[in-house]
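Trainee: Let's see this in three dimensions:
(one chain, ligands or ions: 1)
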Amino acid sequence: MKYSEIGTSGVKASRVALGAMRIRGKNGDEAQEIVRTALDGGINFFDTADCYGAGASSRRLGQALKDVGVDRSKIFVQTKFGIYRDPKDDNITRYDFSKDHLVAALDSELKNLQTDYVDFVLLHRPDTLVDLDDLAGAFNELQSSGKVRHFGVSNMNPMQVEMLQSALDQKLEVNQLQFGLGHTGMVQQEMHVNMEDTPSIDHDGGLISYSRLKRMTIQAWSPFQFGFFEGVFIDNPKFPELNEALQSVADAHGVAKNAIAVAWILRHPARMQVLLGSMTPSRLREMMAGADIEITAQEWYDLYVAAGNDLP
Ligand SMILES: NC(=O)c1ccc[n+]([C@@H]2O[C@H](COP(=O)([O-])OP(=O)(O)OC[C@H]3O[C@@H](n4cnc5c(N)ncnc54)[C@H](OP(=O)(O)O)[C@@H]3O)[C@@H](O)[C@H]2O)c1
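Mentor: Below you'll find the model as predicted:
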């Protein structure tokens, strides 16, 4: 396993992390097994969110981390907040960056996770009604109470980050964004600057270059999905060229296609961290192997094109 710094936080995290969104669907024994598999493979970073099953994923993750007996000081736990779900039916009814909501949500996550602090907390999705002074007050309180060590955002463009950052004392270290061979828009747009075709449409405001410039770590979520949770591209007959190219690079490196899909993200010099969502230990082991492989620039471009992109 390779490790690198998250933003400018000083935290040396494994290049792949375990995402706990799907752990709520597992029983206690299965959750322990996946957490143990992750730790054995060198993963020291775990991501969850308060809205995953109304805290169910965080509770399952917290219990599993306790059950396997890991030393809390040797791992990094991250959660996300700012999405409000109606307790009556668990439907998302608003995004909420108010201090009252964020402080209460974080307290509830600490209970769910059975810990006194989280290493990182991210604002999950942009709340357009954010009051910047109120948000700054929330972050200051969370930091000074020792409940949160570092901060970041998710699903935000550079201007949104700039706006929030202007009001905050804490550097935003992370931006969690969908990225992978099934979702390459952030790269595609950079290669179609000043053109008139569809890929030139700017959906994200130059996020990759911005994140490199600001030394913010992009955490790639749903690295194996295409579309918005439409499915997995590996071994999917909808993606014959991509699977052929993945197999060819996998053969060259003596690993599984799952490893190459991870290595493709990690090869980008933006120093992204990959959030693995698999709850199947054998698959997770294949994916983690991708963190130890460095594919060539040509392999990277071949996979990019095989995923359906062009080089104009
Ligand atoms: N910030 C956000 O808005 C946001 C949104 C979504 C997710 N996330 C984060 O990102 C993490 C990962 O997301 P994700 O779970 O969607 O990631 P993922 O790794 O892309 O997908 C995992 C799912 O795909 C299946 N899968 C993966 N590779 C496969 C393969 N080669 N063959 C067959 N099935 C395969 C897994 O099944 P098995 O379990 O059977 O292996 C699992 O159901 C989450 O846990 C969460 O931490 C963040």
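
Trainee: Check which residues of the host helix or strand of residue 287 are buried.
Mentor: Using DSSP states H and E, residue 287 sits within helix 281-288. By neighbour count on 16 or more other CB atoms under 10 Å, the buried set for helix 281-288 is 281, 283-288. C-beta: built from backbone N, CA, C; applies to glycine.

Trainee: nearest to the ligand, of those residues?
Mentor: residue 283 (4.3 Å; CB to the nearest ligand atom).

Trainee: between the buried residues of helix 281-288, which is nearest residue 163?
Mentor: residue 287 (35.0 Å; CB to CB).

Trainee: That closest one: what's it in contact with?
Mentor: 16, 258-259, 261-262, 276, 278 (CB atoms under 8 Å, 6 or more residues apart in numbering).

Trainee: can you rerun that using 7 Å?
Mentor: By CB atoms under 7 Å, 6 or more residues apart in numbering, the contact list for residue 287 reads 16, 258-259, 262, 276, 278.

Trainee: nearest to the ligand, of those residues?
Mentor: residue 278 (3.3 Å).

Trainee: right, and the closest one touches residue 284 too?
Mentor: Yes. Counting by CB atoms under 7 Å, residue 284 is a contact partner of residue 278 at 4.8 Å.

Trainee: Up against the ligand, what does the stretch 201-312 of the chain have?
Mentor: 221-225, 232, 234, 258, 275-280, 283 (CB under 6 Å from any ligand atom).

Trainee: Are any of those residues buried, and if so which?
Mentor: Buried among these (16+ other CB under 10 Å): 221-225, 232, 234, 258, 275-279, 283.

Trainee: ok, how many other residues are close to the closest residue in space to residue 205 that isn't next to it in sequence?
Mentor: In space, and not counting its chain neighbours, residue 205 is closest to residue 157: 4.1 Å by CB to CB, 6 or more residues apart in numbering. Residue 157 has 18 neighbours, counted by other CB atoms under 10 Å.

Trainee: Okay, residue 157 and the ligand: tell me how far apart.
Mentor: In this view, residue 157 and the ligand are 14 Å apart by CB to the nearest ligand atom, to the nearest Å.

Trainee: ok, now which ones touch whatever residue of the chain ends up closest to the ligand?
Mentor: Here the residue of the chain nearest the ligand is residue 277; by CB to the nearest ligand atom that distance is 1.8 Å. By CB under 7 Å, 6+ apart, the contact set of residue 277 is 19, 21-22, 222.

Trainee: try 8 Å
Mentor: Contacts of residue 277 (CB under 8 Å, 6+ apart): 19, 21-22, 221-224.

Trainee: how about the nearest residue to it, chain neighbours excluded?
Mentor: In space, residue 277 is closest to residue 19, 4.5 Å off (CB to CB, 6+ apart).

Trainee: Do a quick rundown of the helices in the stretch 1-150 of the chain.
Mentor: 28-40, 56-67, 99-113, 132-144 (DSSP state H, counting those that start in this stretch).

Trainee: now, of those, which is deepest in the fold?
Mentor: Comparing the helices of the stretch 1-150 of the chain by mean neighbour count (mean count of other CB atoms under 10 Å), helix 56-67 comes out on top with a mean of 22.

Trainee: CA atoms of it as CSV?
Mentor: Backbone C-alpha positions of helix 56-67 (Å, rounded to 0.1, in the frame of the first residue of the first chain) are rendered in CSV as follows:
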residue,chain,number,x,y,z
ALA,A,56,-26.8,3.0,9.9
SER,A,57,-23.5,2.8,7.9
SER,A,58,-21.6,4.8,10.5
ARG,A,59,-23.0,2.6,13.3
ARG,A,60,-22.0,-0.6,11.5
LEU,A,61,-18.5,0.8,10.7
GLY,A,62,-18.0,2.1,14.2
GLN,A,63,-18.9,-1.3,15.7
ALA,A,64,-16.7,-3.2,13.2
LEU,A,65,-13.7,-1.0,13.9
LYS,A,66,-14.2,-1.6,17.6
ASP,A,67,-14.8,-5.4,17.1
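
Trainee: Mind listing residues that contact that helix?
Mentor: Contacts for helix 56-67 (CB under 8 Å, 6+ apart): 20-24, 26, 28, 31-32, 34-35, 46, 48-50, 52, 72, 75, 77, 79, 109, 112-115.

Trainee: do that helix and the ligand meet?
Mentor: No. Helix 56-67 does not reach the ligand (CB under 6 Å from any ligand atom); its nearest approach is 7.8 Å.
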